[in-house]
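Enquirer: This is a predicted model, with the sequence first.
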Amino acid sequence: MGMMNMEQPQLLSKIATGNGHGEDSPYFDGWKAYDENPYHPTNNPHGVIQMGLAENQLTADLVEEWVMSNPEASICTPEGVLDFKAIANFQDYHGLPEFRKGVAKFMAKTRGNRVTFDPDRIVMSGGATGAHEVTTFCLADPGDAFLVPTPYYPGFDRDLRWRTGVQLVPVVCESSNNFKLTRQALEDAYEKAGQDNIRVKGLLITNPSNPLGTVLDRPTLRTILTFINEKRIHLVSDEIYAATVFSHPGFISIAEILEEETDIQCDRDLVHIVYSLSKDMGFPGFRVGIIYSYNDKVVHCARKMSSFGLVSSQTQHLLASMLNDDEFVGRFLAESAKRLGERYRVFTKGLGQVGIKCLPSNAGLFLWMDLRRLLKKPTFEAEMELWRVIIHEVKINVSPGASFHCSEPGWFRVCYANMDDEAVKVSLQRIHTFVLKNKDVVVPDKKRCWQDSLRLSLIKNRRFDDIMMSPHSPIPHSPLVNATN
Ligand SMILES: Cc1ncc(COP(=O)(O)O)c(C=O)c1O
């Protein structure tokens, strides 16, 4: 009887019983709507089209061709099976030397060969997801914080925070200057964290940006390096979309500023790059993530930690051959940029025909679409309302700006590289029909330039724990499990 009154001990950990992953979110309704009723051109032509997935499927044919003409690169073919035993036995957490060499070469190539990368600094992890967590474990303690410019990839709330106990402090960027990151915004966020007694350990940037599809220019990168050096905090540069740039201005890696712009005082020990082959090569399933740190201690610690998320040696072996094939890599990158650019133009043109504007961009696998005119009120509640209409009536799953911590309601991310031309046509037709039906609210007002912002409802420090479009969807048994970013 006495036992009945005693407090029951907690059987599981706080992590296991908490909601740090963020899967209990109303935003997942979009995934569910797609999951329950996925579009198929013949079997289900009225189903939901998935446009919430930052996946690059436009160049799969080039990779398939390469695999067919290089059967010895795989250990599961008659031509390659002699390597099977050695590769299946390989378990060194440094990784296959040829793989690290191939990745270092690929990273240089995607940065126009203006910088080189040392294969001995390449550390593997399970995708950029794992790379972010390992890097965070190396740089910060529970309770410490990273500054992150908004809008940002929702998965960061999980990757940097969930198991590490680290916090994220938003650096608010606004549409009035195309969401450009400024020194003032950085200072404001840093100061605010100080007032809240939060110790800032680093700044996390994404270049090119998800969800904006824009690249950071040289002056901004210089400002960032100067800022982190002055504050003695780390810089993590997520460059996962490096090779998705399809038009000018070109991509500038933080590595270039560090190597070339020697007039800037910056302690190299503070700079770390996170990379992955999920977007540039379209291999999210291979889980190839890379930490490239200029800090020896971080390289050593991250390498030890990489035991928890190594890339399979079979994958390393295949990629060692592919990434060291200079002719293929050159052709692949050129063709990929061409196809992404074409897709971008088709989409922006189609949206423009019904007066929908997007933030001008030149990278990524998505558009940052401005639907502020369609909101009943300039609030996040109205954004959610519109989003539900888009999912249930227009039957496309796009992602609302709130889930990217955007400071202004009315922006939506639309992914366009995870589908074929036919699905593009259908989705544009649906958008046209919807907009024309609601044309009173949508007809472009010549007096109003798209950049004009509605009253800004700044939501500094507002936290959307809902990780909506993040990899590893929480929907149980869903086919989206491997396809949610
Ligand atoms: C900016 C950014 N970083 C990291 C990731 C995670 O990538 P990965 O599949 O390599 O874990 C994503 C995925 O969408 C992303 O957009």
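Expert: Arrived safely. Residues are numbered from 1 along each chain as shown.
Enquirer: so where do the helices sit in the stretch 151-300 of the chain?
Expert: 155-159, 183-195, 218-231, 254-260, 296-305 (DSSP state H, counting those that start in this stretch).
Enquirer: Format those helices as JSON lines; extra columns: distance to the ligand.
Expert: Backbone N, C-alpha and C define where each C-beta goes, glycine included. Shown next, in JSON lines, are these (distance: least, CB to the nearest ligand atom, whole Å):
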{"stretch": "helix 155-159", "distance to the ligand": "6"}
{"stretch": "helix 183-195", "distance to the ligand": "19"}
{"stretch": "helix 218-231", "distance to the ligand": "16"}
{"stretch": "helix 254-260", "distance to the ligand": "14"}
{"stretch": "helix 296-305", "distance to the ligand": "15"}
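Enquirer: most tightly surrounded among these?
Expert: helix 155-159 (a mean of 24; mean count of other CB atoms under 10 Å).
Enquirer: Tell me the helices and strands packed up against it.
Expert: Applying 3 or more CB pairs under 8 Å, 6 or more residues apart in numbering; DSSP states H and E, one finds that helix 155-159 contacts helix 127-139.
Enquirer: export the helices of the stretch 151-300 of the chain to JSON lines and tack on mean pLDDT?
Expert: Listed next are the helices of the stretch 151-300 of the chain as JSON lines, based on pLDDT from 0 to 100:
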{"stretch": "helix 155-159", "mean pLDDT": "92"}
{"stretch": "helix 183-195", "mean pLDDT": "98"}
{"stretch": "helix 218-231", "mean pLDDT": "97"}
{"stretch": "helix 254-260", "mean pLDDT": "95"}
{"stretch": "helix 296-305", "mean pLDDT": "97"}
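Enquirer: possible to save those as JSON lines with distance to residue 109?
Expert: Formatted as JSON lines, those follow (distance: least, CB to CB, whole Å):
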{"stretch": "helix 155-159", "distance to residue 109": "26"}
{"stretch": "helix 183-195", "distance to residue 109": "31"}
{"stretch": "helix 218-231", "distance to residue 109": "20"}
{"stretch": "helix 254-260", "distance to residue 109": "13"}
{"stretch": "helix 296-305", "distance to residue 109": "22"}
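Enquirer: Which of those helices sits closest to residue 418?
Expert: With distances scored as CB to CB, the stretch of those nearest to residue 418 is helix 155-159 (16.3 Å).
Enquirer: looking at the chain, which helix or strand is least sure?
Expert: Within the chain, no helix or strand scores below helix 2-5, which has a mean of 54 by mean pLDDT, DSSP states H and E.
Enquirer: Quick check: next helix or strand after that helix?
Expert: Following helix 2-5 in sequence order, the next helix or strand is helix 14-17 (DSSP states H and E).
Enquirer: wouldn't residue 229 be in contact with residue 269 here?
Expert: No - the criterion here is CB atoms under 8 Å, and residue 229 misses it with residue 269 at 10.4 Å.
Enquirer: so residue 321 makes contact with residue 70?
Expert: Yes - with contact defined as CB under 8 Å, residue 321 counts as touching residue 70 (6.1 Å).
Enquirer: In space, what's closest to residue 220 - neighbours in sequence excluded?
Expert: Among residues not flanking residue 220 along the chain, residue 181 sits closest, at 5.7 Å (CB to CB, 6 or more residues apart in numbering).
Enquirer: Over to that neighbour: give its phi and psi.
Expert: Main-chain dihedrals, residue 181, degrees, to the nearest 10: phi -80, psi 130.
Enquirer: just residue 179 next, same as before
Expert: Torsion angles, degrees, to the nearest 10, at residue 179: phi 60, psi 30.
Enquirer: what number of residues lie near the closest residue to it other than its chain neighbours?
Expert: Leaving aside its sequence neighbours, residue 179 sits nearest to residue 173 (CB to CB, 6+ apart; 4.3 Å). Residue 173 has 22 neighbouring residues, counting by other CB atoms under 10 Å.
Enquirer: How about residue 381?
Expert: Neighbours around residue 381, by other CB under 10 Å: 12.
Enquirer: That one and residue 413, how far apart?
Expert: Counting by CB to CB, to the nearest Å, the gap from residue 381 to residue 413 is 19 Å.
Enquirer: Kindly confirm whether my reading is correct that residue 52 touches residue 400.
Expert: No - using CB under 8 Å, residue 52 makes no contact with residue 400, being 9.8 Å away.
Enquirer: what about those two, which has more around it?
Expert: Neighbour comparison, residue 52 and residue 400: the larger count goes to residue 52, with 30 against 27 (by other CB under 10 Å).
Enquirer: for the more buried one, helix, strand, or coil?
Expert: Classification of residue 52 by DSSP: H, G, I helix; E, B strand; the rest coil places it in coil.
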